[in-house]
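Colleague: Okay, sequence plus prediction incoming.
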Amino acid sequence: MAVVQTNGRRQFAIVAVFRGDNEEVAFFSETITKKISVGRQKKHRRLQYGQWKPRHNCLTILTRPQGSRIEILNEGGYRSDGRKQYELRDIVIDLSSRGSADGSASVKHGLTEVVVEVFGPREAKVRSQTMHDKALINVEVSILPFSTGERRKRSRGDKRILELASTIKSTFEPVVQTSLYPRSEIDVFVHVLQQDGGLLHSSINATTLALISAGIPLADFVCAMTGGVHSSSPMLDLTTLEENDIPHITVAVLPRTKKVTLVTMETRLHVDRFGEIFQLACDAGQVLHTEMRKAIEGRTKKLVNSMGLGPRLTFPGVEFDDRDVRMEE
Amino acid sequence: MPRPPSPSIPEKEFVYSSLKQALRLDGRQPLEMRTPKLTFGAELGWVECALGKTRVLAQVDGKMVKPPPERPLEGMITIHSEISPMASSEYEPGRSSDEEVTLTRMLDKVIRRSDAVDKESLCVLAGQRVWHLRLTIHCLADAGNLLDCACLAGIVAIKHFRRPEVEVVGDEVTVHDPSERAPIPLSMHHSPYCFTFAYFPDTSTQPVLDPSHLEQRLSAGLLSIALNAQRELCVVQKAGGVPLSPDEILKIIDIAVVRAKELDRLVENSLKEDWKGRKVEVR
């Protein structure tokens, strides 16, 4: 059961659509299950960019079948998922450790979910690629077949995935202080669990956090964001539906110096419009920075606290020097 | 995999210090391109593009195929590009290097994703017959900035190509031989051109357009911009490298806008000139 508002002028409620009699109903039910999960995430704090305005307290879905064009921005200024133009999706950052990785981070931007694991700096496996004066950064991206609506397995040699990996690698090469670790290698594994637009920016943000949690020195955070423009109204943090329809750019900024390390754009856009969304995406990077910083600080505080609270082990005949932090046996 | 030898320290320092004084080894201004030289072959859609000593050969051919069921109304374009060791000893056969991934993806974005060719006009009979264009890019020599050269060669080859005229009566498709009826050019939405700027580690050094091989090796980041003469950006690609302020990027885009107009004029002129000396139409 769900009360649903459509994003057009026609407004009506759909109650209990999970019947699956025909294709259209099936489509509705699919959309609704998706959007309900957005609704659940409302428990988390919503990140707002620009001015905050009270919103309808209901879900918004698309009513038209797939294939036809969707309404990107309705008359009320709301987007297809109920956000305003400059509003970012919920960001959930999880920095808990996974497996044997030295650092890992999971980042969710709305329904896009990326997990990054960082190993290293460690001895380089491939001798021929080691550099005598700096560390090698090795990035591998795996996109899970069920991450998109349409189940699809991509081969390892897919050029799009290789490009994503090499983009992430070259973004971090000037930021990571590689000269501190000569002859070694830092491995970054990016796993894409769910995709709903903004794959590159989520991967970059997650990689930044994973590198920080692995304790690898960085010159600065790298905060990435996607911006797009619908006719003449710019918007931020696009979903897949929006990405397919409107021109968009991804920008990665270094928040401290306010400089840009990465800009990519793949769709046609007039020069005059470019400047506007480019600046906007740069500003959004700053907003993300506060959020990422908060997550790192929270995690570090938690770790320090739990280390301090741990019971001091005493054994007869063994003396411990007076240190605050002690590793577990 | 043996890594290519890096330039020697004196060479490196010499290039950096001369670039700092806005001097380039080949006597160009920092924001000056090498003038592209376009040579057209006997066939339509066969173009050799040279930027200095960088040479790329592009060739287009078309054949009729059955379209995939999900896109019955659109023609197809495939781009084949491979960097062989022929271009430079730095490239290895068989393995796709970073350069090759960049080149393939960039060609795909500039020519296919930017909708340069009107794909619907390549449809002959909905769901039955469409044109399938194959663009093959051969990199003959790499003396820096292979990317811009390849993009330019690809676009010019598509502009130069003409497909045989087709007549449809009912469900019957007749392809007219070029000797019978004059072949017709492809309908194009726009023609994007790619420009690559190289940035250097010393931030006070001005960026250079169309870097030579040595400049490219010593650069600390490339910014590629593809745009058309109508001031529409098609691709902006800056992956990593030296961080730049937003104003710098916007300024560079303005420079690319001017260069795109110049290049468009040059391409149009050389196509016109080639067309004058060609006997295709029989009347």
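Modeller: The structure has been received and is ready for your questions. Numbers count the residues shown, from 1 in each chain, chains lettered A, B, ... in the order given.
Colleague: Spell out which strands sit alongside the host helix or strand of A:S142 in the sheet and which way each one runs.
Modeller: Under the criterion of DSSP states H and E, A:S142 resides in strand A:136-143. If you go by DSSP bridges, strand A:136-143 pairs up with strand A:184-194 (parallel).
Colleague: Which positions within the strand it pairs with qualify as buried?
Modeller: For strand A:184-194, a neighbour-count test (16 or more other CB atoms under 10 Å in any protein chain shown) marks A:S184, A:E185, A:I186, A:D187, A:V188, A:F189, A:V190, A:H191, A:V192, A:Q194 as buried. To be clear about C-beta, it is placed using only N, CA and C from the backbone, and glycine gets the same treatment.
Colleague: In terms of distance to chain B, which of those residues ranks first?
Modeller: Closest approach to chain B among the buried residues of strand A:184-194 (CB to the nearest CB): A:V188, at 13.6 Å.
Colleague: how much space is there between the spatially most central residue of chain A and A:E297?
Modeller: Taking CA atoms, centre = their mean, the centroid of chain A lies closest to A:S202, which sits 2.3 Å from it. Using CB to CB, to the nearest Å, we find A:S202 at a distance of 21 Å from A:E297.
Colleague: B:A22 now?
Modeller: For B:A22, the distance to A:E297 equals 45 Å [CB to CB].
Colleague: measure stretch A:143-154 end to end?
Modeller: Chord length of stretch A:143-154, first to last residue, is 7 Å (CA to CA, to the nearest Å).
Colleague: same thing with stretch B:105-118?
Modeller: 20 Å.
Colleague: Show me which residues of that stretch are buried.
Modeller: B:R105, B:M106, B:L107, B:D108, B:K109, B:V110, B:I111, B:R112, B:S114, B:A116, B:V117.
Colleague: Mind jotting down where the helices sit in the stretch 51-200 of chain A?
Modeller: Using DSSP state H, counting those that start in this stretch, the helices of the stretch 51-200 of chain A run over A:159-172, A:199-213.
Colleague: and B:Y16, what does it touch?
Modeller: B:Y16 makes contact with B:F200, B:P201, B:D202, B:T205, B:L218 under the criterion CB atoms under 8 Å, 6 or more residues apart in numbering or on different chains.
Colleague: That one - that's part of a helix, no?
Modeller: Yes - B:Y16: assigned to a helix according to DSSP: H, G, I helix; E, B strand; the rest coil.
Colleague: Can you show me the strands along the chain?
Modeller: Defaulting to chain A. Applying DSSP state E to chain A gives strands spanning A:4-6, A:59-61, A:91-94, A:103-109, A:112-123, A:136-143, A:184-194, A:223-230, A:233-236, A:248-254, A:259-265, A:269-270.
Colleague: That was the other one, I meant chain B.
Modeller: Ranges of strands in chain B, per DSSP E, are B:36-40, B:46-51, B:54-65, B:76-82, B:123-125, B:129-141, B:162-163, B:166-169, B:172-175, B:184-185, B:193-198, B:208-209, B:222-227, B:232-244.
Colleague: how far off strand B:54-65 does the second one point, in degrees?
Modeller: Angle between the axes of strand B:46-51 and strand B:54-65 is 150 degrees (criterion: axes from the mean of the first three to the mean of the last three CA atoms, to 10 degrees).
Colleague: Which strands or helices does strand B:46-51 pack on?
Modeller: Packing partners of strand B:46-51 (3 or more CB pairs under 8 Å, 6 or more residues apart in numbering or on different chains; DSSP states H and E): strand B:36-40, strand B:54-65, helix B:146-160.
Colleague: Of the ones you listed, give the one that comes closest to chain A.
Modeller: helix B:146-160 (13.4 Å).
Colleague: contacting residues around residue 250?
Modeller: This is for chain A. A:G198, A:L200, A:H201, A:A224, A:M225, A:T226, A:L262, A:V263, A:T264, A:M265, A:A281 are the contacts of A:T250 under CB under 8 Å, 6+ apart.
Colleague: other chain: chain B
Modeller: With CB under 8 Å, 6+ apart, B:L250 has these contacts: A:F274, A:G275, A:F278.
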